[in-house]
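I'll drop the sequence and a predicted model, then ask my questions.
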Amino acid sequence: MRETWRDVLQRSWFRYSESKITVLGLIIVVGFIVLALIGRHVVPYPAHIGSFVDFSNASQPPSLRHLCGTDLIGRDIFSRIVGAFRNTLLMGVIVLCISAPVGFIVGVVAGYHRDTLIDTLLMRITDIFLAIPPLILALAVASVLEPNMTNSMLAITVMWWPWYARLAYGVASSLRTENYIVYAELTGAGMPHIIFREILPNCLSAMLTKMTLDMGYVIIMGATLSYAGLGEQAPHPALGSMISQGVKYMPQQWWFTVFPAVAIIVIVLGFNLFGDGISNMMGTDAN
Amino acid sequence: MPTAENKSGPILDVRDFSVSFNVYGKFSHVLDGIAFRVQRGERVGLVGESGCGKTTTLKAILRVLPGNAIVKGGEVLFDGQDVSGMSDAALSAMRRTGAGMIFQDPSSALNPVFSIESQFLTVLKYAAPGGASGKQLYAVATEALSSVMLPDPDRIMKSFPYQLSGGMKQRVCIAIAIAAGCRLLLADEPGTSLDVTIQDQILRLINRLVIDRGLSVLMVSHSLGVIRQSTSRVNIMYAGTVVESGATDDVFSDPKHPYTAALMECVPKLTGGSVARGIPGRVPDYTQPPKGCRFAPRCPWARDICNGQKPPHLEVSPGHHVSCHLVSEGIQ
Amino acid sequence: MTKKILEVRRLKKYFPLKNRLVVKAVDDVTLDLYEGETLGLVGESGSGKSTIAYVLAGMYEATDGDIFYRGDNLAKTGLYRTLKQKGEIQIVFQDPGSSLNPRRTVRKSLILPMTIHDRGLSREGMNRRAEELLEAVGLPGEFADRYPRALGGGERQLISVARALATHPSLMILDEPTSALDVSIQAKVISKLIDLQKELNLTYLFITHDLSLMRNVADRVAILYLGRLCEQAPAADFFENPLHPYTQMLLSSIPVATLEEEKLKPARISSTGEIPSPVNVPPGCAFHLRCRDRLPICGQERPQMREIAPGHSICCHLPIH
């Protein structure tokens, strides 16, 4: 009856691949991550990712030499899109890796102390954050601070943790009456043990599913901030700012805008499909 | 509508029925050629421990097996008609008026947001399409409620499920089944989730309805006590096979199959005595069931033949059947 | 007579609801537990048997009354009792599905009580002890690295027992440990519990709704109805001569599997009515509305426990025939 890793992998893959379209999501996500990691070295024009000028080649439409055309100062748009992937991925990963643990701690502590003052205090603060429209909050934070990548991550993190707090709160308040938690209390286990050893492992699959689903939204949010000029600054490429700078030249130089936009759509779609697959994989698992 | 009813034959006839499930690409062979009958007006028991295929059998009778189930062979005849070959109309007629299910947990069998009256009348409307007026149906419903010993049927009709106790809800479910004109009650662990004093009342009620109304009952339970008190024939199931069947008193007073005997031993007795050690091992993995007798790996008397060959079905005394190599070779 | 390990005196546990209603889950219960014995605490749903278990295990504080464990009064301590007391009184829960953390291996579940109560033990020592505990309950050591979902219900219950043994307890509260199991598995768990009791001189408070099981396991039996004790007696005496009308009804309702048992049941007292809600306990004797022999006094005055024979007491106004 003992399960080997192979069995677990086989079952997980069976569940993940039950819906074929989620396999497409997996392919997109893997491709995106690979490009984000090594893209700078494999693009046709690595130098174009930074401050490079070649007016003789400016505003060229898509061709075999420049798959997505070139921009106003002659840089290859394809290379710049791939070059922007790293920061896009970094944005998603860092935001989620901060907001998920913070939200978890707040939610678990509140859920474990359900119906006490601690619960009321923590969850009402969470509710206040949830009540403010997320984009406005992020715009406000990002514009008060100096516009750069770090601050835009900070802004998104501030509005993202309450969702994880809600999630962890739900799990913790339902688990706290489970017998293994009650047993741990009765035997004298302290709160750190109960939170990290007993509740956390049970939260993990729900949190991971939510994180993969959220990845797409964080990327959109980051692109929106950079569209508004509050993200990564020139000459470094960012998908949002590439779109906003290109909009002025629509529809003649359509390739300025369309290709970065398509890139965002594909990435977000990929993460959403991947998230669905992960939730299929985790969801049917009774434990 | 069902065709001319075969009044003489059994109301339920399960013949050599096998079902497998496709579980993530592996096949789980759960039911392996089970066979039993319920005659008209008879109370038949199906006993077995969890995981022996009782629920699968019930689902197969009502043809509500999940999508990954594959019927490997055999048939289920309800009133002489093959359930798997029934048209949609015949199937829903059977589910509406032929066979009624009594669930273990009565609280999940009734919808909490509708009153008993609306749920009851909806069932009756579908059970007798086009026929009676609302008033007549109401009268049928209250009559059924009083026949299951519920005092003040009018008040019950106005109530919502949460206002009734578990025992009352179980009675309401039985009343709905008999008012719809059910001829066969499929009782899945009735009253097991209720207290023993309430369970006793429910079982006595079912016994009385069988006699008064000529109902047939298939009582599915893990409790040998419940089965002994409320059935006349019994089928003992183990790991998707019927290992022993016969008149309840015969089987319980003189169990022939090693599994039946071991199970009897394990039941704590009111007469006291020592506690049995249980049956070693566990129910086999259905993806790789034993080739021969499915009980052989746990059977203390198993011999080579038991592991290699399926046991024959033998009649040891009139109506008392056993599937066991030991019995066929006269070793006991 | 052996030593008393636990004395419960006029224990009350009330749960306030909205609208100033109160659930009197445990109402004036007095019990004694002697070292090395098994007391079967039997009742139907709403009888307060699990509440008593939780109060004794320390999950709730008592509303009123006293609980003396080896002379210490535990009634008001709840979760704040000393570590020593927490180790010596252990509990095994009913539901094998939720008593072990599904995301932790058996080894980790077994080691938890050691990390709290046996701080001196090394990592290796804990591992060794975990395997010893598995062996003590008759399970192979390789189970240590499995997750609960790969185990059957009976095996999980045995692991809960092993985990409870890790703190060297003297009193074990068994809250319906086998009621979710099949009889063949139940027999395995029960026989193991009996072996362990002899081996380690454990005292069991066995909480159940299953009277036939108590016939085989308990030294003494106490019957609860709506939070009150109605009969308490040595097991043999109890099953031969049940005296309280509720107890008789309970016994005659049990579905039994053999003819010999049928003969033993009291002359059939058809069960009637249902247990009233514990929010709305009838005045006087809680059972009088379902009792066919009730007297006028039964609806007015609450009966007190009285001893009929040595160790056999009932809480009933009716004269004893």
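Structure's in. What do you need? Everything numeric in this text was worked out from a predicted model, so none of it was measured.

give me the distance between the residue positioned nearest the centre of chain B and chain A.
Chain B has residue B:220 as the residue nearest its centroid, 3.4 Å off, counting by CA atoms, centre = their mean. With distances taken as CB to the nearest CB, to the nearest Å, residue B:220 is found 24 Å from chain A. (C-beta placed from N, C-alpha, C; glycine too.)

surely that residue and residue B:189 touch.
Yes: the pair residue B:220 and residue B:189 qualifies as a contact (CB atoms under 8 Å) at a distance of 6.4 Å.

hang on, the earlier thing: can you confirm the residue nearest to the centre of chain B is in a strand?
Yes: under DSSP: H, G, I helix; E, B strand; the rest coil, residue B:220 sits within a strand.

show me what contacts the residue of chain A found nearest chain C?
Per CB to the nearest CB, residue A:201 is where chain A lies closest to chain C, at 3.3 Å. By CB atoms under 8 Å, 6 or more residues apart in numbering or on different chains, the contact list for residue A:201 reads C:101, C:103, C:104.

ok, now residue A:278?
Neighbours of residue A:278 in contact, by CB under 8 Å, 6+ apart: A:16, A:208, A:209, A:212, A:213.

the last one: what secondary structure?
Meaning residue A:213. State at residue A:213, reduced to three classes by three-state DSSP: helix.

do the same with residue C:65
strand.

could I get the contacts of residue A:278 as CSV with distance to chain C?
Shown next, in CSV, are the contacts of residue A:278 (distance: CB to the nearest CB, whole Å):
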residue, distance to chain C
A:16, 20
A:208, 13
A:209, 15
A:212, 19
A:213, 21
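
most neighbours among those, which one?
residue A:212 (22 neighbours; other CB atoms under 10 Å in any protein chain shown).

doesn't residue A:280 make contact with it?
No: applying CB under 8 Å as the test, residue A:212 and residue A:280 come out as separate, 11.6 Å apart.

quick one: the residue in chain B that chain A sits nearest to and chain C, what's the gap?
When distances are taken as CB to the nearest CB, chain B reaches nearest to chain A at residue B:24, 4.6 Å away. From residue B:24 across to chain C, the span is 15 Å (CB to the nearest CB).

and that residue, what does it touch?
A:10, A:11, A:14, A:15.

in the stretch 1-150 of chain C, what residue lies closest to chain B?
Across the stretch 1-150 of chain C, the shortest distance to chain B (CB to the nearest CB) belongs to residue C:44, at 3.9 Å.

dihedrals phi and psi, residue A:246?
phi -80, psi -20 (degrees, to the nearest 10).

nearest residue to it other than its sequence neighbours?
Once flanking residues are discounted, residue A:246 sits nearest to residue A:256: 2.8 Å by CB to CB, 6 or more residues apart in numbering or on different chains.

a helix runs through the one you found, doesn't it?
Yes: assessed with three-state DSSP, residue A:256 lies in a helix.

list the helices and strands the helix or strand in which residue B:137 is found packs on?
Taking DSSP states H and E as the definition, residue B:137 sits inside helix B:134-147. When contacts are defined as 3 or more CB pairs under 8 Å, 6 or more residues apart in numbering or on different chains; DSSP states H and E, helix B:134-147 sits against helix B:116-127, helix B:153-158, helix B:166-179.

what distance do you get for the closest residue to residue B:182 other than its chain neighbours to residue B:201?
The shortest distance from residue B:182 to any non-neighbouring residue, by CB to CB, 6+ apart, is to residue B:100 (3.5 Å). In this view, residue B:100 and residue B:201 are 19 Å apart by CB to CB, to the nearest Å.

now residue A:5
Distance from residue A:5 to residue B:201, by CB to CB: 53 Å.

more neighbours, these two?
Remark: of residue A:5 and residue B:201, residue B:201 carries more neighbours, 23 against 7, as counted by other CB under 10 Å.

pretty sure that one contacts residue C:271?
Yes: between residue B:201 and residue C:271 there is a contact at 5.7 Å, judged by CB under 8 Å.

pLDDT weak spots in the chain?
Since you didn't name a chain, this refers to chain A. Along chain A, segments meeting pLDDT under 70 span A:1-3, A:283-287.

switch to chain C, that's the one I care about
Looking at chain C by pLDDT under 70, you get C:1, C:268, C:321.

for the residue of the stretch 101-250 of chain B found nearest chain C, what are its contacts?
Nearest to chain C, among the residues of the stretch 101-250 of chain B, is residue B:225, at 3.2 Å (CB to the nearest CB). Each residue near residue B:225 by CB under 8 Å, 6+ apart is listed here: B:267, C:212, C:254, C:255, C:256, C:257.

quick one: the fourth one and chain B, what's the gap?
Residue C:255 is 3 Å from chain B, where distance means CB to the nearest CB.

and that residue, helix, strand or coil?
Of the three states, residue C:255 takes coil under three-state DSSP.

ok, residue C:130 next?
At residue C:130 the chain is in helix, as set by three-state DSSP.

burial of residue B:9, as a residue count?
Residue B:9 is flanked by 14 other residues according to other CB under 10 Å.

so for the closest residue to it other than its chain neighbours, what's the pLDDT?
Ranked by CB to CB, 6+ apart and with sequence neighbours excluded, the top spatial neighbour of residue B:9 is residue B:80, at 5.3 Å. Here the pLDDT value assigned to residue B:80 is 89.

okay, now residue B:80: neighbour count?
Residue B:80, neighbours per other CB under 10 Å, totals 16.

give me the helices and strands touching the lengthiest helix in chain A, please.
Under DSSP state H, the helix in chain A containing the largest number of residues is helix A:77-112. Secondary-structure packing of helix A:77-112 (3+ CB pairs under 8 Å, 6+ apart): helix A:20-42, helix A:117-131, helix A:149-175, helix A:200-227, helix A:239-246, helix A:255-283.

and if we set it to 10 Å?
Counting contacts by 3 or more CB pairs under 10 Å, 6 or more residues apart in numbering or on different chains; DSSP states H and E, helix A:77-112 is packed against helix A:20-42, helix A:117-131, helix A:149-175, helix A:191-192, helix A:200-227, helix A:239-246, helix A:255-283.

export the ones you listed to a markdown table and tack on distance to residue C:261?
Below are these laid out as a markdown table (distance: least, CB to CB, whole Å):
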| stretch | distance to residue C:261 |
| --- | --- |
| helix A:20-42 | 58 |
| helix A:117-131 | 52 |
| helix A:149-175 | 42 |
| helix A:191-192 | 50 |
| helix A:200-227 | 44 |
| helix A:239-246 | 78 |
| helix A:255-283 | 47 |
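
how about the ones you listed, which one is nearest residue C:306?
Residue C:306 lies closest, by CB to CB, to one member of these: helix A:149-175, at 46.0 Å.

which element is residue C:157 on?
Here residue C:157 is assigned to helix C:153-165, by DSSP H and E.

can you tell me how far residue B:126 is from residue C:309?
60 Å.

surely the residue nearest to residue B:9 touches residue B:37?
No: in this structure, residue B:80 is not within contact of residue B:37 by CB atoms under 10 Å, at 11.8 Å.

who touches both of these two?
B:9, B:10, B:11, B:13 (CB atoms under 10 Å, 6 or more residues apart in numbering or on different chains).

where is pLDDT lowest across those?
Lowest pLDDT within the shared contacts of residue B:80 and residue B:37 is found at residue B:9 (85).
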